[in-house]
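Student: my questions concern the predicted model and sequence given below.
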Amino acid sequence: MEDIKDINWPDIQGSLHQKGYALVPNALEQKECDQLIEGYDQPEFYRKTIVMERYRFGLGEYKYFNYPLPPLIQHLRKGFYPKLAPVANKWMEVLQIPVSYFENFADFQALCHKHQQDKPTALILKYGVGGHNTLHQDLYGEVYFPIQMVLFLSQPGEDYEGGEFVLTQQTPRAQSKAIVLKPNKGDILLFTTNFRPVKGSRGYYRVNMKHGVSEVHSGNRYTLGIIFHDALS
Ligand SMILES: O=C(O)CCC(=O)C(=O)O
Ligand SMILES: [Fe+2]
């Protein structure tokens, strides 16, 4: 894992403000990705398995981790949060939403717990041929953090074909714009969970964002999602 303090945070923060997403290339070692994939079949790490087609979420399977999270995931969640909270605060400020985020992760997590959101939301996802994830937002209660991350554990073009990461941006009174991304194994993608500000001629307005995954044509695609808020259930 690249040292969190060596990441170019001004660039990342700028990209989040401008586009609603940012890529941290080569953040993880190939071996770290492989170890997380190997853990997929060890049931003691997880609290719940979701077979996506049962809920019409798509086709594939995912598992929510138990607390304590694996050290690498805990390290990323705690270490990225303070770099992202200033971006989230700026968004709320310009949209005139009276929400402000604590500077450190422990305080934010305590707020989640106060609202009965105390279940871990970190998850690992596996998609085989035909696998996909329908467009959604990962909200798990009234307390939310508006930015989340996905760790890409498989290599497109080698481990799988298809399976692009899709973001849609919905501008008021317009049709949705699609953004299609294909990060490499070891990259971390940061993106908007629910909404973000865009500057218009008369100040900032709110655009809603959703994310999902297009159909996998061959192979297996694994990702690991880290969401900063905890869940009610
Ligand atoms: O598999 C992906 O790329 C998307 C995963 C996802 O929806 C999430 O981590 O919230
Ligand atoms: Fe998601």
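Tutor: That came through fine. Residues are numbered from 1 along each chain as shown. Ligands and ions are numbered 1, 2, ... in the order given.

Student: switch to C-alpha atoms for all contacts and neighbour counts from now on
Tutor: OK.

Student: what's the neighbour count on Y55?
Tutor: Residues near Y55, counting by other CA atoms under 10 Å, number 9.

Student: ditto for D230
Tutor: 26.

Student: contacting residues for it?
Tutor: Q109, C112, H113, Q117, D118, K119, P120, T121, Y140 (CA atoms under 8 Å, 6 or more residues apart in numbering).

Student: a helix runs through M92, doesn't it?
Tutor: Yes: counting by DSSP: H, G, I helix; E, B strand; the rest coil, M92 is found in a helix.

Student: wait, which of the contacts of D230 is closest to S218?
Tutor: T121 (27.9 Å; CA to CA).

Student: pLDDT at that closest one, what is it?
Tutor: What the model reports as pLDDT for T121 is 98.

Student: give me the phi and psi angles of it.
Tutor: When quoted as degrees, to the nearest 10, the phi and psi of T121 stand at phi -110, psi -10.

Student: one more: G200?
Tutor: According to degrees, to the nearest 10, G200 has phi -110, psi -170.

Student: what does Q35 give?
Tutor: phi -70, psi -40.

Student: do the same with the one 4 residues further on
Tutor: As for G39, its main-chain torsions (degrees, to the nearest 10) stand at phi -70, psi -10.

Student: apart from its neighbours in sequence, what residue is nearest it?
Tutor: Of all residues not flanking G39 in the chain, F45 sits nearest, at 7.6 Å (CA to CA, 6 or more residues apart in numbering).

Student: surely that neighbour and F65 touch.
Tutor: Yes: with contact defined as CA atoms under 8 Å, F45 counts as touching F65 (5.7 Å).

Student: who's more crowded, the two?
Tutor: F65 (22 against 17).

Student: what sits against the more buried one?
Tutor: F65 neighbours (CA under 8 Å, 6+ apart): F45, Y46, R47, K48, P120, T121, A122, L123, I124.

Student: so which helix or strand takes in the residue most central in space within the chain?
Tutor: By CA atoms, centre = their mean, the chain has its centre lying nearest to M149, at 3.0 Å. Assessed by DSSP states H and E, M149 sits inside strand 147-152.

Student: just to revisit the earlier point, ok, now how distant is the residue nearest to the centre of the chain from Y81?
Tutor: 10 Å (CA to CA, to the nearest Å).
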